[in-house]
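Student: structure for this input, please:
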Amino acid sequence: VFGQNNKIEMVITNVRDMTEIHHLREEIESRNEERLRLHKELEHIRTQFLDKTDFIAADKVTLSIIRMADKVAPLDTTVMISGETGVGKEVFAQYVHSQSRRNKKSFISVNCGAIPANLIESELFGFEKGAFTDASAMKKGQFELADGGTLFLDEIGEMPLNLQPKLLRAIQEREITRLGATKSIKIDVRIVSATNADLPELIQSG
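Tutor: Numbers count the residues shown, from 1 in each chain. As a prediction, the model looks like this:
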């Protein structure tokens with residue numbers, strides 16, 4: 001307050017404890033973050049999960065697996081799903097496919113344990129006419145049929161040992177060779193596999 005000759009006569013200060021306001025603001029922000037998180041989770045379930053699959057997750061473990069699938073789905077990397085029989089490994093494989101850039105292309109499922117060992121190579125890689133006695137015409141394998149899409153190899157632990165190097169080449173080099181062919185074929189396939197077996201134990205046992 002200024003007096004005569006423009007000199008300061010008095011100073012008035014207005015002090016307010018901001019601690020309570022600060023705490024209140026933190027609480028509001030925390031609630032908003034929680035509300036936003038719940039909203040996002042609800043939207044995730046509504047728009048990405050329930051509309052595209054035929055099962056519903058109600059427990060935290062399954063929801064965490066779905067979030068993990070969401071992270072890996074767009075990366076186009078090879079995926080291995082392990083779990084006991086009946087837990088829905090193929091459903092999760094389809095979910096990964098549905099959330100990937102390949103979702104407009106084929107999803108082809110092959111049960112490696114259901115195909116006889118002497119037929120699985122021709123089933124996966126196809127064959128040329130005359131490759132063997134009954135090969136009266138050329139046939140494309142599952143890798144070619146899944147080109148651009150996803151190939152799901154269920155029960156991968158049942159894959160015959162002598163076929164694994166050829167499968168590894170298909171994954172690493174992204175090319176296959178039909179039975180009886182002399183030239184390889186380039187493919188663009190994402191591999192998702194599943195097993196209920198203990199793979200490290202199988203490796204140790206040879």
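
Student: run the chain-centre distance for the helix or strand bottoming out on mean pLDDT in the chain.
Tutor: Least confident helix or strand, the chain: helix 19-43 with a mean of 77, by mean pLDDT, DSSP states H and E. Its chain's C-alpha centre and that of helix 19-43 lie 31 Å apart, by C-alpha atoms, centre = their mean, to the nearest Å.

Student: what about the strands in this structure?
Tutor: 79-82, 107-111, 150-154, 175-176, 185-186, 190-195 (DSSP state E).

Student: quick one: low-confidence ranges for this structure?
Tutor: Within the chain, the segments meeting pLDDT under 70 span 42-55.

Student: all helices of it, in order?
Tutor: With helices called from DSSP state H, the chain shows them at 19-43, 60-72, 89-98, 120-125, 142-145, 164-173, 199-204.

Student: residues in contact with the fifth one: which ones?
Tutor: Looking back up the chat, that one is helix 142-145. 106, 108, 110, 123-126, 151, 170, 176, 185, 187, 189 (C-beta atoms under 8 Å, 6 or more residues apart in numbering). (Each C-beta comes from the backbone N, C-alpha and C, glycine too.)

Student: thinking again about what came up before, for the helices of the chain, which one sits closest to I81?
Tutor: Closest to I81 of these is helix 89-98 (C-beta to C-beta; 4.7 Å).

Student: buried residues, the closest one. List them.
Tutor: Using 16 or more other C-beta atoms under 10 Å as the burial criterion, the residues of helix 89-98 that qualify are K89, E90, F92, A93, Q94, Y95, V96, H97, S98.

Student: how far off centre is it?
Tutor: Chain-centre distance of helix 89-98: 7 Å, with C-alpha atoms, centre = their mean.

Student: could you tell me the angle between it and strand 107-111?
Tutor: With axes from the mean of the first three to the mean of the last three C-alpha atoms, to 10 degrees applied, the angle from helix 89-98 to strand 107-111 works out at 150 degrees.

Student: turn the helices of the chain into JSON lines, columns for distance to N5.
Tutor: JSON lines is the format used below for these (distance: least, C-beta to C-beta, whole Å):
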{"stretch": "helix 19-43", "distance to N5": "40"}
{"stretch": "helix 60-72", "distance to N5": "73"}
{"stretch": "helix 89-98", "distance to N5": "82"}
{"stretch": "helix 120-125", "distance to N5": "101"}
{"stretch": "helix 142-145", "distance to N5": "97"}
{"stretch": "helix 164-173", "distance to N5": "91"}
{"stretch": "helix 199-204", "distance to N5": "92"}
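
Student: for D134, find the nearest of those helices.
Tutor: Nearest to D134, of those and by C-beta to C-beta, is helix 120-125 at 10.0 Å.

Student: out of the strands of the chain, flag the one nearest Q204.
Tutor: strand 190-195 (15.3 Å).

Student: just checking, what packs against that closest one?
Tutor: For strand 190-195, the packing partners by 3 or more C-beta pairs under 8 Å, 6 or more residues apart in numbering; DSSP states H and E come out as strand 79-82, helix 89-98, strand 150-154.
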